[in-house]
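# Got a predicted model here, sequence first, then my questions.
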Amino acid sequence: MKKCDYCGKEISYMEQYCDENCHRKALDFYQLQEKFSKLFSIVNIICVFGIPIGIFISTFAGAIGFTLLSFSVAVEGLIIVILPFPVENMITSMKIKKAVNVTRLIGAGFLILGIVLIILDFIFYL
Ligand SMILES: [Zn+2]
């Protein structure tokens with residue numbers, strides 16, 4: 001069976017979405033992705049590098065390294081929650097709605113971990 005590109009419900013072979021609502025939500029998603037994909041990539045790259053660099057610095061300058069690590073994890077989580085852009089094969093296999101939800105959940109996990117690290121940072125280094 002063919003499935004709606006947005007919500008994943010089964011639809012007939014002639015359609016791409018189950019209704020106008022799903023079609024509109026899919027377009028909204030692609031527009032958001034187009035508009036903010038650059039911003040997302042930049043923040044993503046900074047955070048992805050910030051995490052290992054933070055770990056590396058923490059081996060000789062604990063406080064600075066741990067702070068960099070904590071904020072990188074938290075900001076990475078935050079940007080994923082605000083702009084949940086799943087990777088292409090997630091969209092293909094889960095369809096947009098589920099892929100976005102799963103991505104946002106992963107982002108929330110990072111954000112919570114980051115906040116915990118920031119709190120630990122304050123407890124241990126201040
Ligand atoms: Zn649908």
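That came through fine.
# SS state for the residue lying farthest from the centre of the chain?
The C-alpha centroid of the chain is most remote from Met14, which lies 32.5 Å away (CA atoms, centre = their mean). On the three-state scheme (DSSP: H, G, I helix; E, B strand; the rest coil), Met14 is labelled coil.
# give me every residue that touches it.
Met14 makes contact with no residue under the criterion CB atoms under 8 Å, 6 or more residues apart in numbering. Just so you know, the C-beta spots here come from the backbone N, C-alpha and C atoms, and that holds for glycine as well.
# can you list the residues of the protein near the ion?
Residues of the chain found near the ion, taking CB under 5 Å from the ion as the criterion, are 4, 6-7, 9, 18, 22.
# for the residue nearest the centre of the chain, helix, strand, or coil?
Central residue of the chain (CA atoms, centre = their mean): Ile80, 2.6 Å from the mean position. Following three-state DSSP, we place Ile80 in the helix state.
# repeat for Phe60
Per three-state DSSP, Phe60 ends up coil.
# Excluding residues flanking it in the chain, which one is nearest Met1?
Using CB to CB, 6 or more residues apart in numbering and skipping the chain neighbours, the partner closest in space to Met1 is Glu10 (4.4 Å).
# And Ala74, by the same measure?
Sequence neighbours aside, Gly114 is the residue nearest to Ala74 in space, at 2.6 Å (criterion: CB to CB, 6+ apart).
# any idea how far Leu68 is from Pro52?
10 Å (CB to CB, to the nearest Å).
# Would you mind telling me which of these two has the busier surroundings?
Leu68 (20 against 11; other CB atoms under 10 Å).
# Check which helix or strand that one maps to.
Following DSSP states H and E, one finds Leu68 within helix 62-82.
# so what does the next helix or strand after that helix touch, helix or strand wise?
Using DSSP H and E, the helix or strand that follows helix 62-82 towards the C-terminus is helix 88-125. In this structure, helix 88-125 packs against helix 20-58, helix 62-82, with contacts taken as 3 or more CB pairs under 8 Å, 6 or more residues apart in numbering; DSSP states H and E.
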